[in-house]
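Student: Model the following, please.
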Amino acid sequence: MDSSRRKFIKGTLSAGALLAGSDLLASCAVFRDTAHAYDAKGLPLSELGKTGVKVPKIAMGLGSRFCTVKDPETACNILNFGLDNGLYYWDTAASYENKELGIISEVRLGEVVKTRRKEIFLSTKVNSRNPDEAMRQIETSLKRLQTDHLDLLNIHSVDSEADIAKISEKGNLIDIVQKMKEQKVTRFIGFSCHSKAALVKLMAEKGIFDNMLVAMNHYNGNTENRQDTGFAAAKEHGVGIRMIKVIRPRETVKDLDPQDLIRFALTLKGPDGIVLGIDSLEVIRSNVDILKNFRPLDDARMKELAYRLQPFYFSRELPWMQHGYQDGHWV
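Tutor: Reported below is the predicted structural model:
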């Protein structure tokens with residue numbers, strides 16, 4: 001381990017944030033900048049905020065849906081097939097698991113990452129608001145993923161102003177992810193948010209983040225205007241925008257076509273791309289086909305779909321908007 005990494009581990013971000021002389025991250029190899037071998041196979045790309053890095057407009061979401069795939073070989077085939085077809089942006093989290101089946105997303109990814117690391121834009125999330133535990137989560141994620149560095153490290157599920165105040169405390173998550181970037185444990189940093197647009201704005205205005213993940217309905221339709229959702233602040237500060245929960249409207253509006261929802265999300269002004277849950281080769285084939293042949297929907301079709309989506313946008317019962325929601329858990 002190099003001296004700068006050792007000094008960081010043995011130092012403290014705040015009292016109690018890191019344990020002096022601990023072994024946190026000590027098992028990880030020293031990060032080295034290496035040439036990436038991203039290959040989008042002709043899929044359309046967008047830049048990740050101010051980073052200049054280009055990624056496919058659809059990222060592979062490897063949370064709850066992926067963790068329902070029971071067979072490890074099938075799961076491995078899904079990952080390799082996605083990569084072989086240009087979907088090299090992989091999104092996971094320390095908390096993504098299926099407890100009933102004993103499946104942990106990061107562990108499954110690690111079986112492919114260990115042999116194809118340079119080909120993958122690898123993103124995970126840390127959710128603990130306790131500094132010591134957050135550091136241990138990052139260490140565990142690296143071990144599970146069988147890598148010594150990440151491409152993107154996100155603060156998971158920012159859900160209130162009180163939460164922002166907590167993670168902004170000296171030595172807590174915002175300091176931690178910035179240190180991880182400085183120490184090259186991760187190339188870029190971001191956050192995810194499932195609720196109010198005002199929270200997106202507050203986080204974007206911190207001016208330190210490279211990317212954010214926001215639920216497609218991340219504003220309250222009764223009180224907020226879509227034109228003031230925090231996207232303007234994100235663009236001003238060079239924060240990339242990726243939409244999540246794109247297919248979930250079908251749980252509220254049953255007859256919506258998933259492909260229409262994907263095209264709708266890709267056409268929205270503001271977002272740079274979307275993250276879609278993956279659970280089969282068929283889903284990958286469909287997503288790749290949509291991307292290869294994508295044309296933005298015209299205004300009339302967008303207005304029609306927006307009208308049909310009103311029950312979803314105005315719903316107060318969506319699970320990820322409830323206190324205590326655990327993103328990415330099947331059970």
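Student: so what's the most centrally placed residue in the chain up against?
Tutor: For the chain, residue 91 is the residue whose C-alpha lies nearest the centre (Cα atoms, centre = their mean; 5.0 Å). Residue 91 makes contact with 59, 60, 61, 62, 63, 123, 124, 213, 275, according to Cβ atoms under 8 Å, 6 or more residues apart in numbering. Glycine gets a C-beta too; all of them are placed from N, C-alpha and C.
Student: what do you get if the cut-off is 6 Å, keeping everything else the same?
Tutor: 59, 61, 123, 275 (Cβ atoms under 6 Å, 6 or more residues apart in numbering).
Student: tell me the mean pLDDT for the helix or strand encompassing the first one?
Tutor: So the one you mean is residue 59. According to DSSP states H and E, residue 59 maps onto strand 58-61. On average, the pLDDT along strand 58-61 is 98.
Student: Remind me what it packs against, helices and strands.
Tutor: Where contact means 3 or more Cβ pairs under 6 Å, 6 or more residues apart in numbering; DSSP states H and E, strand 58-61 is packed against strand 89-91, strand 273-277.
Student: rerun that using 10 Å as the cut-off
Tutor: helix 72-84, strand 89-91, strand 121-126, strand 240-244, helix 258-267, strand 273-277, helix 281-292 (3 or more Cβ pairs under 10 Å, 6 or more residues apart in numbering; DSSP states H and E).
Student: Show me what counts as buried in that strand.
Tutor: Residues 58, 59, 60, 61 are the ones in strand 58-61 that count as buried (16 or more other Cβ atoms under 10 Å).
Student: any idea of the pLDDT on residue 100?
Tutor: Listed pLDDT for residue 100 reads 94.
Student: my bad, residue 40
Tutor: 97.
Student: Now do the strands for the stretch 101-250 of the chain: every range, in order, please.
Tutor: 103-104, 121-126, 150-158, 186-193, 211-215, 240-244 (DSSP state E, counting those that start in this stretch).
Student: can you list those strands in CSV and add distance to residue 306?
Tutor: As requested, the strands of the stretch 101-250 of the chain are exported to CSV (distance: least, Cβ to Cβ, whole Å):
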stretch, distance to residue 306
strand 103-104, 36
strand 121-126, 29
strand 150-158, 26
strand 186-193, 21
strand 211-215, 16
strand 240-244, 14
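Student: Mind putting the ones you listed into a markdown table with mean neighbour count, distance to residue 301 and mean pLDDT?
Tutor: As requested, those are exported to a markdown table (neighbours: other Cβ atoms under 10 Å; distance: least, Cβ to Cβ, whole Å; pLDDT from 0 to 100):
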| stretch | mean neighbour count | distance to residue 301 | mean pLDDT |
| --- | --- | --- | --- |
| strand 103-104 | 19 | 38 | 98 |
| strand 121-126 | 25 | 31 | 98 |
| strand 150-158 | 25 | 32 | 96 |
| strand 186-193 | 25 | 28 | 96 |
| strand 211-215 | 26 | 22 | 93 |
| strand 240-244 | 25 | 18 | 94 |
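Student: Cool, thanks, talk later.
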